[in-house]
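Trainee: this one's sequence-less:
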């Protein structure tokens, strides 16, 4: 290898080092990090139960359930089918069995290993609890292990709740 080849290799290494460090310096100049240039404000979201209380108080559960349809709920429930069984006597899957779920205590199936968040929640699956949970499970009960994004559509949620209520030994009367 002659000296011309060695010079090209050394030059390539030096240029690479200069470009890497130069980009960092140039970006610091362009995006000055002084607090005086920030034009944004951090907004703190209310914690867990405050969010739940605002959702519960803003939802008329009777009107919500009136929008639902059991046959539509059966179709929407197909999203839940991969993880939950709805059949009477059906076993647990990735998630617990949902037969008799309405007004059952949260985290009460003995042969299913719930997350600490669900097993210590201490409430029942009321109409309001089920509605709030189905909106977005990860924010309704923080720390639960259900990886479902939620049902944003009110008719879909109402229909699934009606479908879950129907799949019970004794369906509860609607509010």
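Mentor: Ah, there it is. Remember, it's a predicted structure, so these values are computed and weren't measured experimentally.

Trainee: burial check on residue 136, number of neighbours?
Mentor: Around residue 136 sit 15 other residues, with neighbours defined as other CB atoms under 10 Å. For every residue, glycine as well, the C-beta is placed using N, CA and C.

Trainee: touching, it and residue 149? I think so.
Mentor: Yes: here residue 136 reaches residue 149: they are 7.2 Å apart, a contact under CB atoms under 8 Å.

Trainee: which residues in this structure form helices?
Mentor: For the chain, the helices defined by DSSP state H occupy 3-30, 48-58, 61-66, 70-76, 116-119, 127-135, 137-140, 154-166.

Trainee: residue 88 is nearest to which of these?
Mentor: Evaluated over those, closeness to residue 88 peaks at helix 154-166, with 11.7 Å, by CB to CB.

Trainee: helices or strands next to the closest one in the packing?
Mentor: helix 61-66, helix 70-76, helix 127-135 (3 or more CB pairs under 8 Å, 6 or more residues apart in numbering; DSSP states H and E).

Trainee: can you pull the domain assignment for this structure?
Mentor: 3-37, 48-166 (automatic domain parsing).
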